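In: coords please:
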Amino acid sequence: MISVLVSTHGSTAKGLIETTEMICGKQSQCEAVSFAMGQSTDDFQQQLQQKLKNLQSFGSEIVCFVDLKGGTPFNTLVRLMADFPNIEIVTGVNVPMLLETFMQRDDVNLPTLLPDIIQAGTQGIERYNMASMSVDESSDEDF
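Out: Numbering: from 1, shown residues only. Predicted coordinates for the structure are as follows:
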């Protein structure tokens, strides 16, 4: 099973995991690490290292989701890649990405799963407004 770490500014990481678990059930080998306002980067790095060590003990690949490329969670994980060569970092975390990961991570390896994660994340973004809504009742989409 591929392990999952979600790290964001503020408490979003925990909320994203909880939201996704409402859809697909409680997950194991899954950790959230929040970068709190006013927290030192050294303290944050230590938290990430501890969670990565815990996940690494399962002997599996680790996918790390972050909210923003170039932010503290991303930059800290990039620095930690030397000590944790089995991690991959994916930016722009959202619920569709996590859902895809949780549904497939038992059955595939990380290189196989990564394109599906990216596709799910981008396909989960759409714009709806009154002008884009069809008046043809037969074209209703399932939500």
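
In: Strands along this protein, start to end?
Out: 3-9, 30-35, 62-66, 87-90 (DSSP state E).

In: tell me the most buried of the ones you listed?
Out: strand 62-66 (a mean of 25; mean count of other Cβ atoms under 10 Å). Backbone N, C-alpha and C define where each C-beta goes, glycine included.

In: Paired strands for that one, with orientation please.
Out: strand 3-9 (parallel), strand 87-90 (parallel) (DSSP bridges).

In: Out of those, which gets nearest to residue 117?
Out: Ranking these by proximity to residue 117 (Cβ to Cβ) places strand 87-90 first, at 6.0 Å.

In: Please enumerate residues in contact with the closest one?
Out: 5, 52, 61-66, 74, 77-78, 80-81, 97, 110, 114, 117-118, 121 (Cβ atoms under 8 Å, 6 or more residues apart in numbering).

In: Switch the strands of the chain over to JSON lines; also include distance to residue 104 and mean pLDDT.
Out: Below are the strands of the chain laid out as JSON lines (distance: least, Cβ to Cβ, whole Å; pLDDT from 0 to 100):
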{"stretch": "strand 3-9", "distance to residue 104": "11", "mean pLDDT": "98"}
{"stretch": "strand 30-35", "distance to residue 104": "14", "mean pLDDT": "98"}
{"stretch": "strand 62-66", "distance to residue 104": "11", "mean pLDDT": "98"}
{"stretch": "strand 87-90", "distance to residue 104": "14", "mean pLDDT": "97"}
